[in-house]
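Visitor: starting from these lines, generate the structure:
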Amino acid sequence: MNILHMKYVVCIAENGSINKAAEELHVAQPNLSRIVREMEADLGIQFFRRSSRGMLLTPDGERFVSQARKILEQVDEMESLYKEKKEEKQRFSISVPRASYVSDAFAAFSRTLGKEEVEVFYHETNALQAVKNILEVGYNLGIIRFAASYGPYFRQMLEEKGLRGELAAEFKYVLVMREDSTLARMETIHFADLARYIQIAHADPYVPSLPLSTVKSTELPQTPRRIFVFERGSQLDLLSENPETFMWVSPLPDRLLRMLHLMQRECADNHRVYRDMLIYRQDYHLTELDKRFITELTRSKRACITP
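Guide: Predicted coordinates:
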């Protein structure tokens with residue numbers, strides 16, 4: 001016996017007919033009759049007796065239905081309690097590249113959160129993990145970054161995995177370094193000029209269907225001295241403390257540049273275009289929190305990235 005079968009017996013008692021109960025419950029009448037017989041056999045009682053007025057409860061049946069109604073009411077109360085709590089607590093989750101303009105948007109988004117219960121998850125990672133977080137971990141949104149030339153590979157991957165992709169930003173990487181470094185004082189910066197400095201790098205490129213060696217061979221030129229750092233805060237600390245370091249980045253907010261005494265410069269030899277794409281499941285409907293974040297993302301992009 002289970003909760004559903006209790007509902008069946010109560011429904012028959014309220015309708016006074018197995019046929020009417022079967023219609024209301026959308027259960028075949030023979031199946032409903034069989035379930036009732038099995039319950040009666042298990043409990044050793046008879047729920048109903050037939051009469052000219054339909055199915056009437058026996059004394060045992062009346063006691064059973066009375067107790068069943070109480071149990072079903074408690075179940076309904078419990079379901080309502082937790083459904084209401086679930087509806088009250090909002091949830092926002094996103095995986096993003098290590099990009100300061102995105103972080104700036106997230107900080108502004110956090111200021112829009114009201115007094116309602118909310119859980120927010122913000123994960124800085126690469127494109128591969130962002131996709132996995134949506135498909136396997138339960139994240140709702142992601143932003144993936146890739147070179148524009150690899151767009152067809154990513155569009156195919158998103159289609160195969162049932163994900164929707166919307167362009168969030170398009171840009172060329174700029175160089176960021178301490179404002180008093182010798183690199184920052186150069187009139188024009190070329191690839192060859194970078195060899196004397198220490199590059200801070202992610203070293204986690206990813207393109208679906210292509211081997212890592214092929215992807216790395218098409219990345220921006222590497223320097224003899226590199227420090228691999230996967231956490232954006234530590235990257236910024238290194239840049240602001242060591243004038244010998246530089247990094248390829250998407251354009252940073254002016255506020256952050258001023259605060260950390262950094263400068264960003266274009267490289268005359270760099271013509272490679274990158275894209276950040278917002279992704280989510282094709283059957284997912286954006287929530288109010290999602291829309292707030294996207295609004296702030298658009299604002300930050302316009303402030304940081306020159307068309």
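Visitor: distance of the residue of the chain most remote from its centre from Leu43?
Guide: When each C-alpha in the chain is compared with the mean C-alpha position (Cα atoms, centre = their mean), Ser52 comes out farthest, at 60.0 Å. Noted for Ser52: a distance of 27 Å to Leu43, by Cβ to Cβ, to the nearest Å. Where C-beta positions appear, they are placed from N, C-alpha and C, glycine not excepted.
Visitor: swap in Leu141?
Guide: Computed with Cβ to Cβ, the distance linking Leu141 and Leu43 is 51 Å.
Visitor: for Asn270, same thing?
Guide: The spacing between Asn270 and Leu43, counted by Cβ to Cβ, is 79 Å.
Visitor: just Pro97 next, same as before
Guide: From Pro97 to Leu43 the distance is 61 Å (Cβ to Cβ).
Visitor: ok, His26 next?
Guide: In this view, His26 and Leu43 are 25 Å apart by Cβ to Cβ.
Visitor: what about these two, which has more around it?
Guide: For His26 against Leu43, the residue with the higher neighbour count under other Cβ atoms under 10 Å is Leu43, and the figures read 12 against 6.
Visitor: tell me the pLDDT of that one.
Guide: Reported pLDDT at Leu43 in the predicted model: 88.
Visitor: now do Ala148
Guide: 93.
Visitor: that one touches Tyr274, doesn't it?
Guide: Yes. Taking contacts as Cβ atoms under 8 Å, Ala148 lies within contact range of Tyr274: 6.6 Å.
Visitor: report the set of residues contacting both of those two.
Guide: When Cβ atoms under 8 Å, 6 or more residues apart in numbering defines a contact, the residues bordering Ala148 and Tyr274 alike are Glu170.
Visitor: what bridges to Arg225?
Guide: Ile198 (DSSP bridges).
Visitor: mind listing the strands for this protein?
Guide: Using DSSP state E, the strands found in the chain span residues 48-51, 54-57, 90-96, 118-124, 141-147, 163-172, 174-178, 198-201, 225-228, 245-249, 262-265, 273-281.
Visitor: what's the closest of those to Leu236?
Guide: Proximity of the strands of the chain to Leu236 was assessed by Cβ to Cβ; the nearest stretch is strand 262-265, lying at 7.8 Å.
Visitor: just the residues contacting that closest one, thanks.
Guide: For strand 262-265, the external contacting residues (Cβ under 8 Å, 6+ apart) are 174-179, 181, 183-184, 186, 189, 236, 239-240, 249, 251-252, 256-257.
Visitor: which of the residues you listed are buried?
Guide: Listed as buried from those are 174-179, 181, 183-184, 189, 236, 239-240, 249, 251-252, 256-257; burial here means 16 or more other Cβ atoms under 10 Å.
Visitor: out of the strands of the chain, nearest to Cys304?
Guide: Counting by Cβ to Cβ, Cys304 lies closest to strand 163-172 out of these; the figure is 8.6 Å.
Visitor: so what strands line up beside the closest one?
Guide: Under the criterion DSSP bridges, the sheet neighbours of strand 163-172 are strand 273-281 (antiparallel).
Visitor: can I get the partner strand in PDB, CA atoms only?
Guide: This file holds the C-alpha atoms of strand 273-281, laid out as PDB (Å, rounded to 0.1, in the frame of the first residue of the first chain):
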ATOM      1  CA  VAL A 273      39.300  38.300 -32.500                       C
ATOM      2  CA  TYR A 274      37.700  36.400 -29.500                       C
ATOM      3  CA  ARG A 275      34.100  35.900 -28.500                       C
ATOM      4  CA  ASP A 276      32.400  35.400 -25.200                       C
ATOM      5  CA  MET A 277      29.100  33.500 -25.600                       C
ATOM      6  CA  LEU A 278      26.300  33.100 -23.000                       C
ATOM      7  CA  ILE A 279      25.100  29.500 -23.000                       C
ATOM      8  CA  TYR A 280      22.200  27.600 -21.300                       C
ATOM      9  CA  ARG A 281      20.000  24.600 -22.000                       C
END
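Visitor: mean confidence for that strand?
Guide: Confidence over strand 273-281, taken as the mean pLDDT, stands at 96.
Visitor: ok, which stretches of the stretch 51-200 of the chain are helices?
Guide: Here the stretch 51-200 of the chain has its helices, by DSSP state H, counting those that start in this stretch, at 59-88, 100-110, 127-132, 151-160.
Visitor: buried residues of the longest one, list them for me.
Guide: Right, the one you point to is helix 59-88. The neighbour-count check on helix 59-88 (16+ other Cβ under 10 Å) flags Gly61, Phe64, Val65, Ala68 as buried.
Visitor: which residues touch the spatially closest residue to Met277 that is not a sequence neighbour?
Guide: Spatially, and ignoring its direct neighbours in sequence, Met277 is nearest to Gly165 (4.7 Å; Cβ to Cβ, 6 or more residues apart in numbering). For Gly165, the contact set (Cβ under 8 Å, 6+ apart) comprises Ile144, Phe154, Arg155, Leu158, Met277, Leu278, Ile279.
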